[in-house]
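Participant: I would like the atomic coordinates for the input below:
(one chain, ligands or ions: 1)
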Amino acid sequence: MTALTSALTARFADRIYINRPLAPLTTFKVGGPADLLFDAHSSAEILEALTLARAAGVSVTMLGGGSNVLVGDRGIRGLVIRPRAGAISAVGDRLVRVDAAITINGLVRWTINRGAGGLEAWAGTPGTVGGAIYGNAHWQRVNIGDLVDCVRLAKPDGTELQVPADRMEFDYDKSRLKRTGEVVLWVAFRVTPGRDPAALRLVARASLAFRKRTQPLESPTAGCIFMNPDPAIDRVPNGMPASAGALIDRAGQKGTSIGGAHVSRTHANFFINDGCATAADIRALIERCRHAVQSQYGVTLREEIVYLGEF
Ligand SMILES: Cc1cc2nc3c(=O)[nH]c(=O)nc-3n(C[C@H](O)[C@H](O)[C@H](O)COP(=O)(O)OP(=O)(O)OC[C@H]3O[C@@H](n4cnc5c(N)ncnc54)[C@H](O)[C@@H]3O)c2cc1C
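Facilitator: Down below sits the predicted model:
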């Protein structure tokens with residue numbers, strides 16, 4: 001670890017942080033420190049950090065916008081790489097290439113301003129392109145993977161490969177990255193050229209308004225805690241919607257709390273940090289909701305959020 005710290009500090013002194021608290025870097029605002037945090041400004045820097053970490057035998061964790069993670073109270077051992085800067089560019093008029101660090105909202109704004117259609121409904125989705133690809137983010141029954149042409153990845157050893165969308169193993173809340181530990185460097189999205197920016201802006205505004213009505217956006221949350229049940233493997237009782245939020249609500253858990261965390265009254269699949277929650281409080285609330293739904297409806301909910309670090 002010391003050798004890696006020295007090597008990274010020698011190269012990127014002002015963007016290497018030792019024992020850095022991660023809570024402020026997540027939307028849940030909980031979690032302990034990273035042994036070492038690196039704010040990467042390009043794909044080349046991510047590759048260099050991966051190579052150095054591999055040579056030093058140090059584990060690497062990626063952190064995007066921190067909007068879909070619960071970081072443990074004891075923090076993350078090893079190196080955390082946070083892609084923090086990048087670029088967006090047009091490749092012809094039907095593809096947009098975007099670095100992993102770019103936020104979904106930044107990408108939406110860029111495409112709307114250029115009359116490139118396809119991503120406008122994603123306005124208001126927190127987080128980065130890298131995080132969205134990892135979990136195949138979804139919005140109104142569309143998965144972001146459906147819009148992808150190809151993804152440039154880094155293997156954990158720092159070598160690169162380009163993967164077409166049909167080899168990304170995209171599925172609901174799933175991509176191959178969950179299996180391989182590969183890292184997103186950049187993504188090429190398919191867009192429709194020649195759209196009227198004003199019309200695209202209306203779609204974006206409608207998405208934002210819908211989110212505002214249905215999600216507790218003013219509070220520290222990590223979005224949906226659980227995936228919705230999968231009709232192929234879960235037996236949801238007749239008459240019950242295949243929705244994790246509805247099941248938690250009907251199991252009587254809406255508004256309930258443990259420590260500094262409670263189940264949102266606006267959307268029961270969103271848990272809220274009241275300001276003093278620990279990761280342990282949130283984990284305990286997750287287990288209580290899972291148990292309540294399991295015992296009352298026989299459905300075992302699975303997490304959509306990702307646990308990082310030590311609890
Ligand atoms: C208010 C709110 C609303 C939300 N609404 C939605 C929604 O409508 N639809 C939806 O799908 N999600 C939603 N989410 C969840 C979240 O916004 C998405 O999952 C988002 O895509 C996560 O991106 P991120 O950059 O924050 O990833 P993070 O939370 O930082 O990381 C998530 C996972 O991705 C990995 N990762 C991050 N960057 C990379 C990279 N470059 N390469 C490889 N792995 C990487 C991390 O290691 C981690 O395992 C919502 C969250 C909030 C707080």
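
Participant: where does the chain come near the ligand, residue by residue?
Facilitator: Applying CB under 6 Å from any ligand atom, we find that the chain lies next to the ligand at 27, 61-69, 83, 100, 125-128, 130-132, 134-135, 137-139, 177, 183-184, 215, 217, 221-223, 306. (C-beta placed from N, C-alpha, C; glycine too.)

Participant: Out of those, which sit inside helices?
Facilitator: The members of those that map onto helices under DSSP state H are 130-132, 134, 177.

Participant: of all the residues you listed, which two lie farthest apart?
Facilitator: Largest separation among these by CB to CB: Ala132 and Leu177, giving 11.1 Å.

Participant: higher neighbour count, those two?
Facilitator: Ala132 (30 against 21; other CB atoms under 10 Å).

Participant: Is Val203 within a helix or a strand, and which one?
Facilitator: helix 197-214 (DSSP states H and E).

Participant: Quick one: distance of the helix or strand that that helix is followed by to the chain centre.
Facilitator: Helices and strands here follow DSSP H and E; after helix 197-214, the next one along the chain is helix 244-250. Chain-centre distance of helix 244-250: 22 Å, with CA atoms, centre = their mean, to the nearest Å.

Participant: which strands and helices sit next to helix 244-250?
Facilitator: helix 279-297 (3 or more CB pairs under 8 Å, 6 or more residues apart in numbering; DSSP states H and E).

Participant: same for the helix it packs on, what does it pack against?
Facilitator: Using 3+ CB pairs under 8 Å, 6+ apart, helix 279-297 is in contact with strand 69-71, helix 244-250, strand 257-258, strand 261-263, strand 271-273.

Participant: buried set for that helix?
Facilitator: By 16 or more other CB atoms under 10 Å, the buried positions in helix 279-297 come out as 279-283, 285-286, 288-290, 292-293, 297.

Participant: Can you lay out the residues you listed as JSON lines showing pLDDT?
Facilitator: Converted to JSON lines, those look like this (pLDDT from 0 to 100):
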{"residue": "Ala279", "pLDDT": "98"}
{"residue": "Ala280", "pLDDT": "98"}
{"residue": "Asp281", "pLDDT": "98"}
{"residue": "Ile282", "pLDDT": "98"}
{"residue": "Arg283", "pLDDT": "98"}
{"residue": "Leu285", "pLDDT": "98"}
{"residue": "Ile286", "pLDDT": "98"}
{"residue": "Arg288", "pLDDT": "98"}
{"residue": "Cys289", "pLDDT": "98"}
{"residue": "Arg290", "pLDDT": "98"}
{"residue": "Ala292", "pLDDT": "98"}
{"residue": "Val293", "pLDDT": "97"}
{"residue": "Tyr297", "pLDDT": "95"}
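
Participant: and of the residues you listed, the nearest to Ala206?
Facilitator: The closest of these, once distances to Ala206 are taken by CB to CB, is Cys289, at 30.4 Å.

Participant: which residues touch that closest one?
Facilitator: Residues in contact with Cys289 (CB atoms under 8 Å, 6 or more residues apart in numbering) are 225-226, 248, 251, 253, 263, 301.

Participant: rewinding a little: figure out which of the helices and strands packed on helix 279-297 is closest to Asp149.
Facilitator: Of these, nearest to Asp149 by CB to CB is strand 69-71, at 26.8 Å.

Participant: pLDDT below threshold where in the stretch 101-250 of the chain?
Facilitator: Of all residues in the stretch 101-250 of the chain, none has pLDDT under 70.

Participant: Try it again at 90.
Facilitator: When residues are selected by pLDDT under 90, those of the stretch 101-250 of the chain lie in 140-141, 157, 216-218, 231-232, 238-241.

Participant: still on that earlier bit, tell me the one among the contacts of Cys289 nearest to the ligand.
Facilitator: Using CB to the nearest ligand atom, Ile225 is the member of the contacts of Cys289 that lies nearest the ligand, at 10.1 Å.

Participant: from memory the closest one sits against Ile272, does it?
Facilitator: No: using CB atoms under 8 Å as the test, Ile225 is too far from Ile272 to be in contact (10.6 Å).

Participant: beta partners for the closest residue to Ile282 other than its chain neighbours?
Facilitator: Using CB to CB, 6 or more residues apart in numbering and skipping the chain neighbours, the partner closest in space to Ile282 is Ala261 (4.7 Å). Residues in a beta bridge with Ala261, per DSSP bridges, are Ile258, Asn273.
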